[in-house]
Structure formats: structure tokens, C-alpha cells
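In: Predicted model follows, preceded by the sequence.
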Amino acid sequence: MNVQAEIPYKASAYKSDLKPVWCPGCGDYHVLLSMSKALAELQRKPEEVAVVSGIGCSSRMPAYLNCYGFHGVHGRALPLATGLKVARPDLTVLVAGGDGDGFSIGGNHFLHACRRNIDLTYIVMDNRVYGMTKGQPSPTTEPDWDSALSPGGTGLSPFHPLVIALASGANFVARAFSGEVNRTAEILVEAIEHPGFSFVQILSPCVTFRPEQRNWKDMIHPAPVGETDDPGRAARRIMTDDNFNIGILYRGTRRPYDTKSNQNPKALDQLDTGFAI
Amino acid sequence: MAEPKKTYDTLSVAITGSGGAGAMTTGGLLLDTAAKAGWYGLQTRSVGPQIRGGEAAALLRFSTQPVEIHGTFFDLLVALDWLNFKSFAAEIRLTPQSIVIRDPASGDLPEAVVASGAKIVDLPIKALAAETEGGRINMVALGIAAGILGLSQEIMAALIDERLGSKGEKAVSASLACTMTGYKSVEAPGIKMPLTPSSRTGDKHWIITGNEAVGLGAVRGGIKFAAAYPITPATEILEWLSSVFSDIGGTLVQAEDELASINMIIGASYGGVPALTATSGPGFALMTESIGLATAAEVPIVVVDVMRGGPSTGIPTKSEQSDLNIAVYGLHGDAPHVVVAPISIADCLFTAQWAVHLAEAMQVPAVVLSDQFLGQARAVVDRPDNLAFFAKRQTVTKSAKDYNRYALTANGVSPMALPGMEDCQYTADGLEHSPRGSPSTRAEDHLSQLDKRQKKLDDFDFGQHWADIDGEGDVAILTWGSSTSTVVEAAKMVRAEGIDVRTIAVRLLAPCQPEQMAEALEGVDKLLVVEQSHSGQFLKYLKAHYDLPTKVATLHRAGPLAIDASEIYAEIKKGLGA
């Protein structure tokens, strides 16, 4: 065994030396800190953790962590992570991204990743806006939010990611707030340890295009009731909440996707016998 | 002295019927019987879009020599009924020498059959089937065809026993009785077209489809992960992989769409497991963005595109060579990648295995352009040689500080660290990056990484596999993919007259090999380009990348009507001024 592995990893061991592209005050800085703390709490070796993302401000996350990372194309982080985890079940695979990446362009993958229930942890930094393209409404944006692309608002009801995750079969559903670094880290620890697909929505303010989100710190509150393993109860609660209660809302018991492959394989040269005449 | 009985070195047989009549089963058993009896053969199917109840034609060719294309004309047509015959009448061309077996109870002959002048032989197929309890007309038809071709009853009976055994003793005995009835029914009218006894011997032969051969080549090359989204005509590759992965320790995930399947294989390969997906045009179009990602992030993957008629949904069940453009040029940005194409059914194995080797060696995406004909045709082939190609990726074997994933190396290939390797953590990225892998917008990083990715392909030695070249002379036929077998047959016809002709079948479409092509074309002053595309994509591709002789003729046509060897023959003769 490597000597270094005996030394406990501090949170700082999971951070790379790259300077984030994020604006000052962006909630994603705190999420980076929470992720580092969660990994330190779990003492996962940085080289045995992979962080996979798509495109957007929050999708820049992998490069800021000192883990293996993959910054893929817009919306496809979940299938990328799915292939990696199935091929390499020994790794801890985290998926990070934003609301546009996950719920709009990547919406179909979100449904099927929940349904497939592979042991991944999906962290969505939800700021209800496309930030990298400078302020367009996303699927979680309020219907009356004014923007150059949709003057006067989209007029569309926001997408409800937690309920959709639940309905699609996610095994763990939680909401966190970026400003609560330690609480978020605790939730991430639980999510990573939970077998199967874990979904954590982190409210992460965009102070540049949604400055009013600075007030989120005063709006969030702990979930009034504890977690449940009953998806029906969880769904009712999430559907009727104010989108600001924080905590683990559902922890299911569904069996995760079996990633084990045959460990006693046949020789390749036996494969062609079926073609002989 | 009695005149020796005429025998046939090659015979083409069509068995047609409405969907569910069992024409395909009949064709399959007929091919298997002939294969076991020592002949070479080929079976394709012509079907409509209906899942059941449409039309189905089993198109077969038997020969004493390997065959991978149909003949121009069919010698024998056994029609179970005429319900949907017009859907594929154009593909079953008959001559006055052809024999058509029809059941008088199945109504009037289609116009095309009458017009051909083929000899019509009435046999009461339905009535013969009714003689046996539970008898089926397709089994009578099997007996009829086998009787006319002079195939062994014993081999046929043994096959029926083996294939239909699971349906119960009653079904087997009914089928056997029907085939014997059919077999005997051709004796009285005296219709015989016996195949020349085959000299094919030994056990070094397979009966295989191109899709199966692609699957076998892929796993022999080292593929251990596949992501699958069903699509005609590629699904059989994925189903075959699924069936063998449990044996060899591989994994297949069914994806929610092609955007997912391409990214799943990129993820698996990033983790160090050689990975493949198979699709057709519509799925390939969806995958192109992420194939670019694999190019930029330098993750080896293999994508098989089994081409069908396009654009859009096109003709899913029919062959065409019209995805050449998208495969070679379809990625945005300057994105060097590999495109290879099998030139025969057996070559599907070679090309797929080679593609795995190329992708892994250069850490690039490799696209394999097969097509519906190669993929779904089932043929008796000489067993391909075992190949030495196996996935050999250059990886980091020892932990090292200051690891640069995208280091600029002499040949462009930089060792890849796999997750788990200590101190070598990096972020694979579709963003342009520095050698370290950090996102970069600097001109010098962009240029040096573009150069690096291009160099990997430029410096690679593809050896002689880039094309199959045969013959000599100042006339050459240049082709690719499934058109190759037709070109080879046409060249034989030309050479049989003592005329030299050169054939060049390109297996490596990207990167281009201008030096090798120049060598292959040395001394050629007349060139014929043959392909199955409406717009002549291959010709335009050749003109863009290669120095061609001044006299270039082209023979190109949209699918599904295959270009015939006789057309190529005529074109060559015309070009020679004959």
C-alpha cells in the first residue's frame, strides 16, 4: 500500500490550482468547497474519483477539482458518466452541471439516468438562468422573468426537477443551498454513499444575471418533516413545497443497476463456433 | 454416347411470398443445405417496412466459387403467392431461360413475369401442403427448390430436424413430409437445374452475416463495452455483442437515444475500456457532435454506421453508400479521425478489428462504414485468417507528478492516464486545452493541439490495408464498400477476354493516402469510379483528395438497385473503344 494513502486527505487536497472562471459572488464557489469537504469526509482517494460534466458555468467544475474529470458536450454529462461507471464500477463518479444543461438539452438523459439507477451522484447547481450565454431563461426560470431572448418572460411554468427525478425512479432526492457549505457537504456525503442514482439540486445563485437571488439566503429553510422512503409521500411534499426547503427529501431502497460483468470469461477463440458450417 | 447432363456453376433463386408465408425460412434452410453440401452461397432479403404481413423475398445465389453479389438475372423463382410481388419485381429480373414455379390457385401472373418470357411451371403448392396435416406451403417450396437444384434430401432433412426440433415432433414430421412432397413434385415435369458438384472441401468455412462479422471483429480487437440504441439495419451487431458479452466479460448498456449511446462509449473508453456503438445514418447524424468531442479529448472509440437509403428516414431496409460525406466531413471544426469501410462480408471482420486497433493506437474515433447489403446478407465464406490487431493503447503505467495528458510528442500520441492512476488526474475536455489539459483560448495552444491531433494520423503507418489492389493495365476501376464485390466480378468478365484491368477497392477513406494512391494509379490513363450514391459522393471525394487520371468515368446510382457487374463490364468495354 502506498504510504501517502495513509495520510488523511484534507478538503484542500481535492482542489486543483486552476482559478475558476466564475463571477465574484457566484454560488458555485461554495459548491466547489462543499464537494471538496464531502470527499474529504469520505476520504476517497482523489484519483479514484471522477467528476463528469456538460457545458455551462457550473459544468466547469471538474477542472477545479483535483480528481479525474471529463468536461464533455452540452447536455450529455449523464450518459458520459453512465458509460464510465458501468465500465469502471470501482470509481466514485460524480456528475455536475446546471439547470439548462441537465433539464433542457439533457432532459431525456435525466429521466433515463433516474430510471436506470446507476450508482452516480448528480449535482445540479440550479440558478434558473443560462449564465454562460449571458442571461436567458432556463427550464426552472419563473414565467415572468424578463430577458432579451424572451421579453416579458416565457409565460411557461417552471420544470419541477425533484418531482420528475422521483417519478423517473431516482433513489435519493435532496435539495441544498450553496450558501450553507457544511450542510451541503453533509447532504453530498449521504448522496455519494447512497447506492443507486442520487440527485441533489443545489440552489446556487447567479449574482450577475439574477441579482435578486442574493435573497435566497433569507428564503431557504430546513425541510419541515424528515426524509421518507415512500415515493408517494415524497412526491406530495415536493409538489406542494415552496422550492426553498432544504434537506434529504427521499431516500429509496430500489436496487441499483448491476454493473458487474462476468469475471470468468470464456476464451475469445470459442466465439466463432456458431459460424462453422 | 449420351450427352452429359448440363450443370450450373452458379444459380440464382428467388423465393417470394407475402409476409408470414415463410419465404425467408425457406431461403435460410435452402442456403444452409447447399452450404453443408459443399457449395458457396449468398442470401439477402428484400422486405417492405411492415413488421408482419407485408412482402418478403429471399434472394439467393449458389455457386461452386465464393459469391458475394447477386447475378443479373434469376434462374428460378418460386412464388408462394403474388400478393405483394410488385414491391420487389424490379429486383428479381427474369429471362426467357428462367423458370417460374407458381401455384395455379394463387391467381394471375404479374405483368413483369409475363413480360420476361420466363418458363412458367404450374405446381399446386397449396394443395400439396394440404396433403400433410399441419403442412406448410413454404416447406413444400423448400422441397421444390431443393429438388430442382439437386440438393441432398438427407442433408435437408437433418437440418429441418435440427432447426425445427424445438417446435415439437409433429411440426418436424409435417415439415419433412412437405419437403419430400415438394422434392418429388418436380420429377414428373422434369425441371432440373443441377448445380455443378462443388470442390469446396474441408471445414474452413463459415456461414455469416456482415453484421455478425463486425461484432466478431470488434470483440477480437478488444471491445469490452457497447452502448446500443436500436436502428435498422445495425441492430443485429448490438444483439450479437449482447449475446457474447456475458461470455467474454463485456458489458452492453441500452441507451435512451444515440446522443446517449455515443457519450456512453466515450465515458467507458475514458475509463480505459475499449468501446463501440453501431448505428445507421439517422443515429450517426445525432452522434457527430460527440464524435468531435472524442476527437478533441483524444478518447478512442469505434462507431459502426451500417448505411441505408437516405436522407432522413429514407429507406431503412435498403442499402446505399451515401453516408460517405457525413462520415468523412460531418464533424465541425478541424477534426481528424479515421473512416474505414469493409469491402466484403468476410472483410467486415477484418475492418472492424482493424478499426479497434487504429482507434486505440491513435486515441481517435474510428468510423466503420458498412451498409445494409453487407450487414444483413448471409453468405458462405472462407474462414478469415486470425488477425494480430488488438487494442493497444498507450497508457501511463507509473504515477508521475506534472503529468501532461496532451503533451506534444514526436508522433502526436501522448500516454493516457486512466482513472485510478495516482498523481495523474486531469480533465478530458472538448474545450481547446493546454498540454496539461487546462482550458485555453490561446492561439498557440489551439495550433499546437490541432497539429498534434493531425500528426497522430499523418504519421501512422497504415500499411497495405488502405486498399485492396488487383490486376494490371492502364484501365482501372476504383470503388469502395459493398460495390467492391460487383467490381471484382466485372473485372473477372473483362479479364476472361484477355483484357487487363486494375481494381482498387479503398478500405481507408480517412485519412487519405495520396502517395499510396498515386502508386496504385501509376500507368493508369482511364479510370472508372463505381459507387452506390445518387450524387457521386465517392467521385467528388476522390477528386478533392487525389490526383486522378484525366479520363474519369463514373457509374453511380442511388440504392436500392445494385449496380450490376454487366454494366461495369459494358462501361469498361466502351472506355476501351471496343
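Out: Noted; the coordinates are in hand. Numbers count the residues shown, from 1 in each chain, chains lettered A, B, ... in the order given.
In: what's near enough to touch residue 268?
Out: You didn't say which chain, so I picked chain A. By CB atoms under 8 Å, 6 or more residues apart in numbering or on different chains, the contact set of A:L268 is B:V219, B:R220, B:I248. Where you see a C-beta, it was placed from the backbone N, CA and C, and this is true even at glycine.
In: wrong chain, I was asking about chain B
Out: The contact partners of B:A268, by CB under 8 Å, 6+ apart, come to A:G83, A:L84, A:V86, A:A87, A:R88, B:F225, B:A227, B:T251, B:A275.
In: Identify the residue spatially nearest to the third one, adjacent ones excluded.
Out: In other words, A:V86. A:T259 (5.0 Å; CB to CB, 6 or more residues apart in numbering or on different chains).
In: Give me the neighbour count for the one you found.
Out: 16 (other CB atoms under 10 Å in any protein chain shown).
In: quick one: contacts for it?
Out: By CB under 8 Å, 6+ apart, the neighbours of A:T259 are A:K85, A:V86, A:P89, A:I118, A:D119, B:T251.
In: In the stretch 51-200 of chain A, which residue sits closest to chain B?
Out: Nearest residue of the stretch 51-200 of chain A to chain B (CB to the nearest CB) works out as A:G83 at 3.0 Å.
In: biggest helix in chain A, by residue count?
Out: Assignment by DSSP state H gives helix A:28-42 as the longest helix of chain A.
In: Residues contacting that helix, please?
Out: A:8-15, A:20, A:22, A:46, A:49, A:51, A:57-58, A:60-61, A:64-65, A:67, A:92, A:94, A:96, A:123, A:125, A:176, A:178-179, A:181-182, A:184-186, A:188-189, A:192-193, A:202, A:204.
In: Quick one, which of those residues are buried?
Out: Buried residues within these, counting neighbours by 16 or more other CB atoms under 10 Å in any protein chain shown: A:9, A:11, A:14-15, A:22, A:46, A:49, A:51, A:57-58, A:60-61, A:64-65, A:67, A:92, A:94, A:96, A:123, A:125, A:176, A:178-179, A:181, A:184-186, A:188-189, A:192, A:202, A:204.
In: which ones among the contacts of helix A:28-42 come in contact with chain B?
Out: A:P46, A:R60, A:C67 (CB under 8 Å from any CB of the partner chain).
In: Spatially nearest residue to the second one, not counting backbone neighbours?
Out: The one in question is A:R60. Closest to A:R60 by CB to CB, 6+ apart is A:V21, at 5.8 Å.
In: Likewise for the last one?
Out: Counting by CB to CB, 6+ apart, A:C67 lies nearest to A:V49, which is 4.1 Å off, once chain neighbours are set aside.
In: Nearest to chain A: which residue in the stretch 201-350 of chain B?
Out: Nearest to chain A, among the residues of the stretch 201-350 of chain B, is B:G267, at 3.0 Å (CB to the nearest CB).
In: I'd like to know how far the residue nearest to A:R60 sits from B:A490.
Out: Note on A:V21: its distance to B:A490, by CB to CB, to the nearest Å, is 60 Å.
In: do the same with B:G310
Out: According to CB to CB, B:G310 and B:A490 sit 26 Å apart.
In: okay, the two: which has more neighbours?
Out: Between B:G310 and B:A490, counting by other CB under 10 Å, B:A490 is the more crowded of the two (28 against 22).
In: wouldn't the more buried one be in contact with B:A565 here?
Out: Yes. B:A490 is within contact range of B:A565, at 4.1 Å (criterion: CB atoms under 8 Å).
In: So which residues on the stretch 1-150 of chain A come close to chain B?
Out: Contacts of the stretch 1-150 of chain A with chain B, taken as CB under 8 Å from any CB, map to A:2, A:4, A:18, A:45-48, A:50, A:52, A:60, A:62-63, A:66-73, A:75-76, A:78-88, A:90-91, A:108-109, A:111-112.
In: to the chain's geometric centre, what's the distance from whichever strand or helix holds B:E515?
Out: Taking DSSP states H and E as the criterion, B:E515 maps to helix B:514-520. Relative to its chain's centre, helix B:514-520 lies at 26 Å (CA atoms, centre = their mean, to the nearest Å).
In: swap in stretch B:125-137?
Out: Put simply, stretch B:125-137 sits 36 Å off its chain's centre (CA atoms, centre = their mean).
In: Kindly report the same for stretch B:440-454.
Out: With CA atoms, centre = their mean, you get 38 Å for stretch B:440-454.
In: Check stretch A:57-68 too.
Out: Distance of stretch A:57-68 from its chain centroid, counting by CA atoms, centre = their mean, is 12 Å.
In: Just the terminal-to-terminal distance for that stretch.
Out: End-to-end span of stretch A:57-68 (CA to CA, to the nearest Å): 19 Å.
In: bridging residues for the residue nearest to A:C67?
Out: Per DSSP bridges, the residues bridged to A:V49 are A:T92.
In: OK, contacts around it?
Out: Shown in contact with A:V49 (CB under 8 Å, 6+ apart): A:Y14, A:L39, A:L65, A:C67, A:Y68, A:L91, A:T92, A:V93, A:L94.
In: Touching, the fourth one and A:E47? I think so.
Out: Yes. Using CB under 8 Å, A:C67 and A:E47 qualify as a contacting pair, with a distance of 7.4 Å.
In: what's the overlap in contacts for these two?
Out: B:Q425.
In: Quick one: distance of the helix or strand encompassing A:I248 to the chain centre.
Out: According to DSSP H and E, A:I248 maps onto strand A:245-251. Its chain's C-alpha centre and that of strand A:245-251 lie 14 Å apart, by CA atoms, centre = their mean.
In: export it as CSV, just CAs?
Out: In CSV, the C-alpha atoms belonging to strand A:245-251 read as follows (Å, rounded to 0.1, in the frame of the first residue of the first chain):
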residue,chain,number,x,y,z
ASN,A,245,-36.9,23.8,1.8
ILE,A,246,-33.6,22.1,2.3
GLY,A,247,-32.7,18.6,3.2
ILE,A,248,-32.9,15.0,2.1
LEU,A,249,-36.5,14.6,0.8
TYR,A,250,-36.4,11.0,-0.4
ARG,A,251,-34.1,8.1,0.3
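In: Can you spell out which helices and strands pack onto that strand?
Out: Secondary-structure packing of strand A:245-251 (3 or more CB pairs under 8 Å, 6 or more residues apart in numbering or on different chains; DSSP states H and E): strand A:172-177, helix A:181-193, strand A:221-222, helix A:231-240.
In: Mean pLDDT for these - can I get that in JSON lines?
Out: Listed next are those as JSON lines, based on pLDDT from 0 to 100:
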{"stretch": "strand A:172-177", "mean pLDDT": "98"}
{"stretch": "helix A:181-193", "mean pLDDT": "98"}
{"stretch": "strand A:221-222", "mean pLDDT": "96"}
{"stretch": "helix A:231-240", "mean pLDDT": "92"}
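In: What values do phi and psi take at the closest residue to B:D108 other than its chain neighbours?
Out: Excluding the flanking residues, the one nearest B:D108 by CB to CB, 6+ apart is B:W82, at 7.5 Å. Per-residue torsions, B:W82: phi -110, psi 20 (degrees, to the nearest 10).
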